[in-house]
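Peer 1: I need the structure of the sequence given here:
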Amino acid sequence: MTAIAETLTIDHRRCDDIFADAEAAVAKSDWQHGDPVFKEFSQALEHHFEMEESVLFPGFEERTGQTMGPTQMMRQEHIQMRALLGEMGQAVALRDRERYLGLAETLMMIMQQHNMKEEQILYRMIDQAFGDEALGLVERMREI
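Peer 2: Presented below is the predicted three-dimensional model:
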């Protein structure tokens, strides 16, 4: 693996772990644990999106001139996931276990497909486009 793919794949796994913890807590109606862990997951996922949308994607687009390709698709999927997060947050606030779990299942499917596209295609393209300069891009993302 290379700098960008490795860094962001690790961050995907971190988000996945927090997501699983929140889902397990909500499944047991453990709102005392589930509520703050869901908030932690939301913040972690939003931070991941922010690293990509403010540093990674613009850098790739500037470097390659590709503005309507894979980065545009990833941004659209981020919008879908943010909408689901908003609905899940409402379900947590209402202590609506069934609604949360249904939304979580949808989000998990979208995240798995999204992450696979990023990890197997986009991140590798970006690593290749940046070559030895990829570490600089990783450092800029870490500053967020």
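Peer 1: ok, which stretches of this structure are strands?
Peer 2: Taking DSSP state E, the chain contains no strands at all.
Peer 1: and residue 80, what is it in contact with?
Peer 2: residue 110 (C-beta atoms under 8 Å, 6 or more residues apart in numbering). Using the backbone N, CA and C atoms, a C-beta is placed for each residue, glycine as well.
Peer 1: find me the pLDDT at it, would you?
Peer 2: pLDDT for residue 80: 98.
Peer 1: ok, for the residue most central in space within the chain, nearest residue in space, not its chain neighbours?
Peer 2: The residue lying closest to the centre of the chain (C-alpha atoms, centre = their mean) is residue 45, at 4.5 Å. For residue 45, ignoring the flanking residues on the chain, the nearest one in space by C-beta to C-beta, 6 or more residues apart in numbering is residue 15 at 5.3 Å.
Peer 1: show me what contacts the residue nearest to the centre of the chain?
Peer 2: Residue 45 neighbours (C-beta under 8 Å, 6+ apart): 15, 19, 81, 85.
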